[in-house]
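Student: structure of the sequence below:
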Amino acid sequence: MFDPKPERYDYVLKKNPDCKPVASLDDILNDPAVQLITAAAIPHERGPIGIRVMESGKDYFTDKSPFTTLEQLEDARRVVERTGRKYMVNYSERLGNEATWHAGELVRQGAIGRVLQVLNLAPHNLAASTRPDWFFQKEKYGGILTDIGSHQFEQFLHFANATDARIEHARVANLDNPDYPGLEDFGEALLTTTEGCSCYCRVDWFNPKGSRTWGDGRTFVLGTEGSIEVRKNIDLARDTGGNLLFLVDGEGEHEIPCAGRVGFPYFGRLILDVLNRTETAMTQEHAFKAAELSMQAQAIADRARKG
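Tutor: Have a look, this model is predicted:
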């Protein structure tokens, strides 16, 4: 384990006493026993770290967003091709939420027929006073569609079973935070997948102060034979918690609590993929395409904002 701020080790070691702090990233890169390196660096550093990891002969698993520029993505693609290593991404809104994961399983099973539209709403708490300086520097976080939006674009591809999409509209803005001019507090995008599925997301830093959660994330999937709503983190005005899935199909209306019942299959599959050189957890192209689309949308929105 390496962190440029060693004062943060105590928190990790309390939860993971077997972890071994080291003096530098090179100590990890040069350890022949290590096969997979994970990182949650400042976003603009994640791509370059991933290059170093793969060049050292190891696989890489990073927090989202995995890149802040399309140039970083192309560098990573070249190194993946040359080394055969993995550059995986923790798109946690789906991978770390049991109800969202189960929604994908239901879609794959044909529970709602052919998917026609995917709609994601992702408000977040700003809590500006608790944020580090880089949080408000766009060149470091990449923009709101690159950052939070990468979650949404990954879900678009997954639920629509799509490999690519066309961006129809993208917008970013600072609507109510003039003291932080580098912040984008609102973003939205509309896409059409190559299969004709419509996808829309709204990402923002306007989660109400009275909310019991850091973000009232919701996903809606419309199919030809039914629909799914996922309440990821909370169910408004009820004490039922999050991880709730609501399914309407030809048989009726169904509420499906998922917390503690589905688990998080992605992470075990990723470990097996590293060991077996397979792609059962997520394909490399899927991980990259979600990031690519989010950054393409960000670029379109940036151009529109500049006029």
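Student: assumed Glu188 was part of a strand.
Tutor: Yes - according to DSSP: H, G, I helix; E, B strand; the rest coil, Glu188 belongs to a strand.
Student: could you pull out the strands in the stretch 1-150 of the chain for me?
Tutor: Ranges of strands in the stretch 1-150 of the chain, per DSSP state E, counting those that start in this stretch, are 36-39, 59-63, 87-90, 115-123.
Student: where's the nearest residue to Pro66 once chain neighbours are set aside relative to Leu106, distance?
Tutor: Leaving aside its sequence neighbours, Pro66 sits nearest to Val89 (Cβ to Cβ, 6 or more residues apart in numbering; 4.5 Å). Where C-beta positions appear, they are placed from N, C-alpha and C, glycine not excepted. Distance of Val89 to Leu106, computed by Cβ to Cβ, to the nearest Å: 23 Å.
Student: neighbour count winner among the two?
Tutor: Val89 (26 against 19; other Cβ atoms under 10 Å).
Student: the more buried one contacts Tyr60, correct?
Tutor: No - if you go by Cβ atoms under 8 Å, Val89 and Tyr60 don't touch, sitting 9.2 Å apart.
Student: how far away is Val89 from Arg303?
Tutor: 26 Å.
Student: my error: substitute Leu175 in the last question.
Tutor: 19 Å.
Student: how about Thr219, nearest residue that isn't a chain neighbour?
Tutor: Val230 (4.3 Å).
Student: A helix includes the one you found, no?
Tutor: No - secondary structure of Val230 (three-state DSSP): strand, not part of a helix.
Student: identify the bridge partners of it.
Tutor: With beta bridges defined as DSSP bridges, Val230 has these partners: Thr219, Leu245.
Student: that one: how many residues sit nearby?
Tutor: 29.
Student: how about the one 3 residues further on?
Tutor: Asn233 has 20 neighbours, counted by other Cβ under 10 Å.
Student: these two touch, right, it and Gly217?
Tutor: Yes - with contact defined as Cβ under 8 Å, Asn233 reaches Gly217; the gap is 5.7 Å.
Student: and the helix or strand hosting Leu247, C-alpha only, in PDB?
Tutor: Using DSSP states H and E, the element containing Leu247 is strand 244-249. This file holds the C-alpha atoms of strand 244-249, laid out as PDB (Å, rounded to 0.1, in the frame of the first residue of the first chain):
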ATOM      1  CA  LEU A 244     -34.500  -1.300  -4.100                       C
ATOM      2  CA  LEU A 245     -35.700  -2.500  -7.500                       C
ATOM      3  CA  PHE A 246     -39.200  -1.900  -8.900                       C
ATOM      4  CA  LEU A 247     -40.300  -4.100 -11.800                       C
ATOM      5  CA  VAL A 248     -43.500  -3.800 -13.800                       C
ATOM      6  CA  ASP A 249     -44.100  -6.600 -16.300                       C
END
